[in-house]
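**Student:** Just to be clear, the model below is a prediction. Sequence and coordinates:
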Amino acid sequence: METVSRPLKFLHLSIFYPPYSFGGDAMYLYRLLNALARRGHEVDVIHCADSYHVLEPRRPTASFPNHPNITVHTLKSGWGMLSPLLTQQTGGTWFKTNRIREVMLGKKFDVIHYHNTSLLGPKALLLAPDYKDFIKLYTTHEHWLVCPMHVLWKNNERVCEKPDCFRCTLKFRRPPQWWRYTNLLEKCLAPVDAFLSPSLFTRRMHHERGFTRPIEHVPYFVPLAEIAQPAAEASPHPRPYFLFVGRLEKIKGVQNLFSVFRNYSHADLLIAGTGNYEAELKQMAGGMSNVVFLGSMPQEKLRALYRHAIGLLVPSICYEVFGIIILEAYMQRTPVIAYALGGVEEVVEESQGGILYRTPEELLAAMERLRTDPALRAAMGERGWRKYNERWTEEAHLEMYLRVVDETARRKFGGLPWDAPGRISLRFPPEVVRQ
């Protein structure tokens, strides 16, 4: 397949973009945009500071430098939490509309790509510039298209086996989204030319919940450049340890590790991350000297923690879309012990770089296997590393991503509009700019 032959102009939209972000989807977006920029593409990104501050009132302090080819547009309305609240309730872009439209009209984009757009609103998908020779993509980083709570976590207590969205929303103490009971979402999704999903699992869940459009499978990646390792390095912790990395929320399942570690003297549990469940987790772990909360950690320190861990523990009890932390562990040749559910199960099964468990007894047995058998730990770590190189590098990802860009353009236009000799602008008259 012939790929993109000249630098393109990309516009990406997401409520979260580092450092105004939480979790793996925003980190993926940061890596993708910088990978595209390093290859000469021109990239703009729109994100929403108002949405970030709904969950975190403080300004972020972490540093995420961007390539010079990236232009970041931060939406900040002055209305604070009212802006995302209006969007959540009505599905409209409201105070964000003019700024998004201004960016879209600021240059001629070839690709407009939506990511986590819940608090931009479904109507953001209807916004378009005054020309038509572009493609529009949407990546399902969550299950927002089929779940008001994004994560298919029912009644704030278990995975959702059958939709009961109104009751579930009330259990989460969130106001119901009445627009979800109309055809608004279907109308807003109509202009999207292609949908992407990081996992086969998430694609399947969308289709099982009634989403009928085709979805391309394009898994996440982590750049090989992030593997930098010193020639000699002491362990960052004085005792053998297992590692958890992630946001501290109930659905991440950290609380289910404590029953195993409470009487486990052979190794410590290091927990890297922060979140709204942190205080409760610390209370649950009270008196457990082998459980250490590290707080938020920069990537360079995380890499050392991965390298020296016996294994990465992924105890998520929700339907994870993928699990970027698994790739980060594999890059350091560290195996994974993961709860057998969702996209996490898919990644471990594909790589054979770890052990899946379903009960506390199986978790303990897996931990002991890796702790007492260095050869097994090394073999699993090596399998994870090999699969990473084959499947989840920046080069492998961009090949898949740009193939989707090309195929989508060919399907829509019968060819690549950006390669047409003497390219003619296909602009709409100003009076018919789509709203």
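**Tutor:** Now that the structure is in, tell me what you want to look at. Numbers count the residues shown, from 1 in each chain.

**Student:** what stretches of the stretch 1-150 of the chain score poorly on pLDDT?
**Tutor:** Low-confidence segments of the stretch 1-150 of the chain (pLDDT under 70): 1-5.

**Student:** Quick one: the strands in it, in order.
**Tutor:** 9-13, 42-48, 70-75, 111-114, 135-139 (DSSP state E, counting those that start in this stretch).

**Student:** report the longest helix in the chain, please.
**Tutor:** helix 394-413 (DSSP state H).

**Student:** Any buried residues in that one, and which?
**Tutor:** Across helix 394-413, burial judged by 16 or more other C-beta atoms under 10 Å covers 394, 397-398, 400-406, 408-409, 412-413. Every residue, glycine included, has its C-beta placed from N, CA and C.

**Student:** can you count the residues close to the nearest residue to V72 once chain neighbours are set aside?
**Tutor:** Excluding its sequence neighbours, the residue lying closest to V72 (C-beta to C-beta, 6 or more residues apart in numbering) is V45, at 5.6 Å. Other residues near V45 come to 23 when the count uses other C-beta atoms under 10 Å.

**Student:** Tabulate the buried residues of helix 394-413 (a markdown table), appending pLDDT and distance to W94.
**Tutor:** Converted to a markdown table, the buried residues of helix 394-413 look like this (pLDDT from 0 to 100; distance: C-beta to C-beta, whole Å):
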| residue | pLDDT | distance to W94 |
| --- | --- | --- |
| E394 | 96 | 36 |
| H397 | 97 | 34 |
| L398 | 97 | 35 |
| M400 | 97 | 35 |
| Y401 | 98 | 31 |
| L402 | 97 | 34 |
| R403 | 97 | 36 |
| V404 | 98 | 31 |
| V405 | 97 | 30 |
| D406 | 97 | 35 |
| T408 | 98 | 29 |
| A409 | 97 | 32 |
| K412 | 97 | 30 |
| F413 | 96 | 33 |
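
**Student:** So which of those is the closest to E280?
**Tutor:** Using C-beta to C-beta, H397 is the member of these that lies nearest E280, at 36.2 Å.

**Student:** any idea of the pLDDT on the residue lying closest to that closest one once chain neighbours are set aside?
**Tutor:** Closest residue in space to H397, ignoring its immediate chain neighbours: F221 at 3.6 Å, by C-beta to C-beta, 6+ apart. At F221, the pLDDT value in this model is 97.

**Student:** still on that earlier bit, so which of the strands of the stretch 1-150 of the chain comes closest to S289?
**Tutor:** It is, among the strands of the stretch 1-150 of the chain and with distance given as C-beta to C-beta, strand 42-48, at 40.7 Å.

**Student:** relative to strand 70-75, how tilted is that closest one?
**Tutor:** 20 degrees (axes from the mean of the first three to the mean of the last three C-alpha atoms, to 10 degrees).

**Student:** what's strand 42-48 in contact with?
**Tutor:** 7-17, 20-21, 29, 33, 36-37, 67, 69-76, 83-84, 96, 99-100, 103, 106-107, 109, 119-120 (C-beta atoms under 8 Å, 6 or more residues apart in numbering).

**Student:** Name the helix or strand for T274, please.
**Tutor:** Following DSSP states H and E, there is no helix or strand that holds T274.

**Student:** quick one, phi psi at it?
**Tutor:** Here is the backbone geometry of T274 (degrees, to the nearest 10): phi -130, psi 170.

**Student:** Within its local environment, how many residues does it see?
**Tutor:** 17.

**Student:** Surely it touches E249?
**Tutor:** No - shown here, T274 and E249 do not form a contact pair, counting by C-beta atoms under 8 Å, at 10.2 Å.

**Student:** So which residues of the stretch 101-250 of the chain form helices?
**Tutor:** Assigned helices in the stretch 101-250 of the chain, in chain order: 165-171, 184-189, 200-208 (criterion: DSSP state H, counting those that start in this stretch).

**Student:** and R371, how far is that from G384?
**Tutor:** From R371 across to G384, the span is 17 Å (C-beta to C-beta, to the nearest Å).

**Student:** which of these two has more neighbours?
**Tutor:** G384 (28 against 17).

**Student:** check contacts around the residue nearest to that one when sequence neighbours are not counted.
**Tutor:** In space, and not counting its chain neighbours, G384 is closest to G353: 2.6 Å by C-beta to C-beta, 6+ apart. Neighbouring residues of G353 by C-beta under 8 Å, 6+ apart: 326, 330, 335-336, 380-381, 383-385, 387.
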